[in-house]
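Colleague: whatever this is, show me its structure:
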Amino acid sequence: MASNPLISILVTAHSEGLVAHKTMLSIFDAATLLAKRGIGYEVLVHVDNGDDATVEYFARYDDTPHLRVFQNEFGDLGLSRNFLLEQASGQYVSFLDADDLISRNWLAGALLALENDPAETIVHPAAILSFYHASATPPVVWLQRPSFDKDLDAKVLLGHNRWASVFVAPRTLLLRFPYHPTEDGIGYEDWSFNSATVAANVHHAIAPETVMFYRKRDESLLSQSNLQHFIQPYSDLFDILQINADQRARHGSSNGAPRRPHALANAYRAMSAGRRFVGSKPALRRIAKRPYEALVRDRRLKQLRSRVPQYVVDAWADIHSIERQLYPTIGAQFSVVSYDSDSPSIGEIFQRLVAKVTALPDYVFLVPWIVPGGADQVLLNYVDALKEIHPEWSLAVIGTLPSKNPWLKRLPASVPYLDFGNLAIALSEEDRDLLMSRLIVQLETKRLHIINSEFAYQWVNHHRNYLTGHGHVVTASVFCYTVRADTHGLGTAGYDDPLLRDVDPVIANVFTDNATFIDDLVQKDGIDLAKCHTHYQPTDLTRMAPPKTIDQAKPLRILWASRITEQKRPDLLLDIAKRLDPAKVHISVFGNSEPDFDLRALQRIKTITYEGGFAGSTSLPTDTHDVFLYTASIDGLPNAILEMAAAGLPIIASAAGGIGEFIIDGDTGLLVDPLDDVQAYVEAIEYLASHPDVARNLATNAQNLLKKRHNWQAFVDAIRDDFA
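Modeller: Numbering: from 1, shown residues only. Okay, here's the model as predicted:
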């Protein structure tokens, strides 16, 4: 063992077996160059939870000078590196996994690069060549770059790891940034290490013309991290409030002019177009052939040199003496895939996402969007109630689907809307997951509430270990089933099955607006009844109108207003209308049609007038109508029922879902069951037309129930304990 070695070469191993022999040969080769220059070194190997083949291989080094082998059962790469760091004697250290290789000049080149700023610098290889173990998959070349300014580094690191795990740095510097263990859904220790050091203003430099060869295997720890959907821990580098403060300070700065296309590329495109023009004309083809082929040759050579620098090719050829899988044939060089880790796009999206966050939220809602609808009204009700119950809390809403969000203006100005759906629309599924993970971690909230967001359910399912391991309370709101397309109304679907069921171990509370659906959740999905809570939604009683008095001297005017889709049964409405006398009854239909219904069918019925879409119940002409008709086959307890009761209209409705919890047949309205009994609807309409006193009593009783159970204070009092 060298006394007071300048550098400690630290190798982590677990199940590499004889693959580690290639790594050790490349280390010895690089160490020979150190020895020639009189640089003392040591090699420390840590076999962590090693398999028999790996333990047996490293046993051969028991008596090797400058080399020590340790064995432990940490089962964690970060802890393994921390252990090696404690054992190291060198002023500088270099990490390497036991299945990777380094170019001969790496160690000496890194130490040379450290001479300018030895205390606060980490040095990385200039290039990483990734190759797939025992595979013909093309290699990937990653040209690493030194630190940018801190803001740009933060943008890049939010979406990409800027530097690989191989580096040389002062031991004292690294002791300040220990690797975090992989536990409770937390992973990507290298990426997190790089973020932490950049946050602390540590400079990352490049050792010129040095190469690391990264062996990719399906069983590698990085591959396992990707498969297990690990999340990176909180980082000061992505502190949301600091980012916004910095953005305000830099407001108005230019991002620079766009790059112009390269002149050679333009010439190539022009020549290619010319080649297509000459087509099959032999004379023109002979004239065009030589300059075109010369340009193509020059372009390919230039492209090859730009993608695979000569020093990479030289190191690639040199490493062949150790690893015969690697050799830079011309074909291999042209097959190389370039990897760029320096795109700031995800980081820029993150900054735009959080731009309106002025305080880290105590409670976050995850919704698809904010559009006219029952679930969206529930969101708005919860937001307003929480501001009353917990005025000290900060709230935020994350929308996960692209939308114009016409109801966004109803959200209080103090509650930021993080428009994930629109801003992240172009990202891959993997990058959307990564961005949402960054967002949830950096927001630091422990209370998440999903309302009808499929993406949010999927994200929670991916990261169950993280959520349970870090004390998050996850709530889901579900209301009813929907009709499954192309099943003629016989098939149903819902967020409860399978999305809610899949994340059930993480879910602390399930909220719904009707008790009937809770019975289904318990009986059909096995959800624990103790988790389930019914929150009857409030309605605006300030808009309460006197109960309607039907004028028997005029035709009965019926209002039907809803989305025109299979779930709301417009087909049933047509059958009802066909049996009614147009001289005695008229139905006004409001709603936007979805693709599964042809509006022309409504226009062919004399009893019906289609009035187009509507912007909420307040835009409907309730004062000129006598009865509200609701024909849905599947529902919760729809806001439309409550709002029409407040408008003073007597209601005829199907007994779908939780409707029967408000429309009590013969008391607060007329309830139709079975749901598709056309004649029962017709008889109910004719009965109210001929019994105006009964209709008025039904409307009065419905309003009394509204006042008792669906007023604002009753809602706040009922949910207070569930939002503790």
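Colleague: when you work out contacts or count neighbours from here on, use the C-alpha atoms and nothing else.
Modeller: Noted.
Colleague: now stretch 626-642, how far from the centre of its chain.
Modeller: Here stretch 626-642 shows a centroid-to-chain-centroid distance of 34 Å under the convention C-alpha atoms, centre = their mean, to the nearest Å.
Colleague: meant to ask about stretch 349-361
Modeller: 16 Å.
Colleague: ok, stretch 706-722 next?
Modeller: With C-alpha atoms, centre = their mean, you get 34 Å for stretch 706-722.
Colleague: over to stretch 475-492?
Modeller: 24 Å.
Colleague: helices of the stretch 401-550 of the chain, start to end?
Modeller: Secondary structure of the stretch 401-550 of the chain by DSSP state H, counting those that start in this stretch: the helices cover 420-423, 429-443, 454-462, 464-469, 499-502, 515-525.
Colleague: looking at the ones you listed, spot the one closest to Ala110.
Modeller: For the helices of the stretch 401-550 of the chain, proximity to Ala110 was assessed by C-alpha to C-alpha; helix 429-443 is nearest, at 32.0 Å.
Colleague: adding distance to Leu33, write the helices of the stretch 401-550 of the chain out as JSON lines.
Modeller: Shown next, in JSON lines, are these (distance: least, C-alpha to C-alpha, whole Å):
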{"stretch": "helix 420-423", "distance to Leu33": "51"}
{"stretch": "helix 429-443", "distance to Leu33": "42"}
{"stretch": "helix 454-462", "distance to Leu33": "47"}
{"stretch": "helix 464-469", "distance to Leu33": "45"}
{"stretch": "helix 499-502", "distance to Leu33": "56"}
{"stretch": "helix 515-525", "distance to Leu33": "66"}
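Colleague: these: which one's closest to His203?
Modeller: helix 429-443 (23.4 Å).
Colleague: now that closest one: buried residues?
Modeller: Buried residues in helix 429-443, counted by 16 or more other C-alpha atoms under 10 Å: 432-439, 441-443.
Colleague: number of nearby residues for Val364?
Modeller: 23 (other C-alpha atoms under 10 Å).
Colleague: doesn't it belong to a strand?
Modeller: Yes. Counting by DSSP: H, G, I helix; E, B strand; the rest coil, Val364 is located in a strand.
Colleague: now stretch 456-467: buried residues?
Modeller: Buried residues in stretch 456-467, counted by 16+ other C-alpha under 10 Å: 456-457, 459-467.
Colleague: of the residues you listed, closest to Lys36?
Modeller: Nearest member of the buried residues of stretch 456-467 to Lys36, counting by C-alpha to C-alpha, is Tyr466, at 49.1 Å.
Colleague: read off the pLDDT value for that closest one.
Modeller: Here, the pLDDT recorded for Tyr466 equals 95.
Colleague: also the one 5 residues further on?
Modeller: The model reports Gly471 with a pLDDT of 94.
Colleague: dump the residue contacts of it.
Modeller: Lys446 (C-alpha atoms under 8 Å, 6 or more residues apart in numbering).
Colleague: separation between it and Lys446?
Modeller: As defined by C-alpha to C-alpha, to the nearest Å, Gly471 lies at a distance of 7 Å from Lys446.
Colleague: how close does Tyr339 sit to Leu158?
Modeller: Tyr339 is 17 Å from Leu158, by C-alpha to C-alpha.
Colleague: of those two, who's got more company?
Modeller: Leu158 (28 against 15).
Colleague: and the more buried one, backbone torsions?
Modeller: Leu158 adopts backbone torsions of phi -60, psi -30, taken as degrees, to the nearest 10.
Colleague: my read: it touches Ile346, true?
Modeller: Yes. Judged on C-alpha atoms under 8 Å, Leu158 makes contact with Ile346 at a distance of 6.8 Å.
Colleague: so where do the helices sit in the stretch 201-350 of the chain?
Modeller: Going by DSSP H, counting those that start in this stretch, the stretch 201-350 of the chain shows helices at 221-227, 240-249, 263-278, 282-307, 310-319, 330-335, 345-353.
Colleague: mean pLDDT lowest where, among these?
Modeller: helix 263-278 (a mean of 37).
Colleague: between the longest strand anywhere in the chain and helix 310-319, how many degrees?
Modeller: For the chain, the strand reaching the highest residue count under DSSP state E is reported as strand 203-216. Angle of strand 203-216 versus helix 310-319, following axes from the mean of the first three to the mean of the last three C-alpha atoms, to 10 degrees, is 40 degrees.
Colleague: state the mean pLDDT of strand 203-216.
Modeller: Strand 203-216 comes out with an average pLDDT of 96.
Colleague: could you do stretch 18-25 as well?
Modeller: 97.
Colleague: please save the CA atoms from that stretch in CSV.
Modeller: Taking Å, rounded to 0.1, in the frame of the first residue of the first chain, the C-alpha atoms of stretch 18-25 are listed here in CSV:
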residue,chain,number,x,y,z
LEU,A,18,-15.7,-12.0,-14.2
VAL,A,19,-17.0,-8.8,-16.0
ALA,A,20,-15.1,-7.0,-13.2
HIS,A,21,-11.9,-8.3,-14.5
LYS,A,22,-12.2,-6.0,-17.5
THR,A,23,-12.7,-3.0,-15.2
MET,A,24,-9.7,-3.9,-13.0
LEU,A,25,-7.5,-4.3,-16.1
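Colleague: ok now it, how far from the chain's centre?
Modeller: Computed by C-alpha atoms, centre = their mean, the separation of stretch 18-25 from the middle of its chain amounts to 39 Å.
Colleague: could you do stretch 613-629 as well?
Modeller: With C-alpha atoms, centre = their mean as the basis, stretch 613-629 stands 39 Å off its chain's centre.
Colleague: distance across that stretch, terminal residue to terminal residue?
Modeller: Start-to-end, stretch 613-629 (C-alpha to C-alpha) is 17 Å.
Colleague: buried set for that stretch?
Modeller: Buried residues in stretch 613-629, defined by neighbour count with 16+ other C-alpha under 10 Å: 613-614, 617, 620, 622, 625-629.
Colleague: closest to Asp376 among the residues you listed?
Modeller: Using C-alpha to C-alpha, the buried residues of stretch 613-629 come closest to Asp376 at Ser617, 13.9 Å.
Colleague: how close does that closest one sit to Leu599?
Modeller: Computed with C-alpha to C-alpha, the distance linking Ser617 and Leu599 is 21 Å.
Colleague: Ile370 now?
Modeller: Distance from Ile370 to Leu599, by C-alpha to C-alpha: 26 Å.
Colleague: more neighbours, these two?
Modeller: Per other C-alpha under 10 Å, whichever of Ile370 and Leu599 has more neighbours is Ile370, with 25 against 16.
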